[in-house]
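Undergrad: With the sequence up front, the predicted model follows.
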Amino acid sequence: MRNIQLVADKAAFSLSFLCALHCLALPLLIILVPAVSSLPLADEAFHLWMVFGVIPISLLGLSMGCKKHQRWSILLIGVVGLAILIATPVIGHEQLGEFWEKTLTLLGASIIAISHYLNAKLCQACKNG
């Protein structure tokens, strides 16, 4: 059971990092390697697929960890991050503009990553304690 929780935490943390890297590095990559612009990486569908990947993995890892360490505030932090990450593509680029879309996406991804980091640390402390 613990292995599933640990894998889910690591996967969600990695997806959050990938999301942040995508937001920050893609514009630079397109400038340096123009052929990258032909890939569907900047497409809204990519963002939605990332969100749909993060939701179940995050909820699984956080809920399993919170059952173990009983700090349900960690789950709440993760849900806030997920809500921000979900709201960003729902509101859309046209409403938010590029700056706020990237800012909110990075904020949501960062909050999710922090919640999974804390979750993993608390689970590790339960194991050692």
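TA: That came in fine, so what should we check first? Numbers count the residues shown, from 1 in each chain.

Undergrad: Ramachandran coordinates for T103?
TA: As for T103, its main-chain torsions (degrees, to the nearest 10) stand at phi -60, psi -50.

Undergrad: Model confidence at it, what's the number?
TA: Among the per-residue scores, T103 shows a pLDDT of 90.

Undergrad: quick one: the residue sitting nearest the centre point of the chain from L76, how far?
TA: Among the residues of the chain, the one closest to the centroid is S16, at 3.2 Å (C-alpha atoms, centre = their mean). Applying C-beta to C-beta, to the nearest Å, one obtains 17 Å for the distance of S16 from L76. To be clear about C-beta, it is placed using only N, CA and C from the backbone, and glycine gets the same treatment.

Undergrad: For this protein, which segments count as helices?
TA: 2-32, 44-69, 72-91, 93-128 (DSSP state H).

Undergrad: quick one: the longest one to chain centroid distance?
TA: Spelled out, that is helix 93-128. On the basis of C-alpha atoms, centre = their mean, to the nearest Å, helix 93-128 sits 5 Å off its chain's mean C-alpha point.

Undergrad: Next, the buried residues of it.
TA: Neighbour counts over helix 93-128 (16 or more other C-beta atoms under 10 Å) mark 96, 101-102, 104-120, 122-123 as buried.

Undergrad: Okay, now the unreliable bits of the chain?
TA: Under the criterion pLDDT under 70, the flagged ranges of the chain are 1-2, 22, 25-33, 35-45, 128-129.

Undergrad: Fine by me, thanks again.
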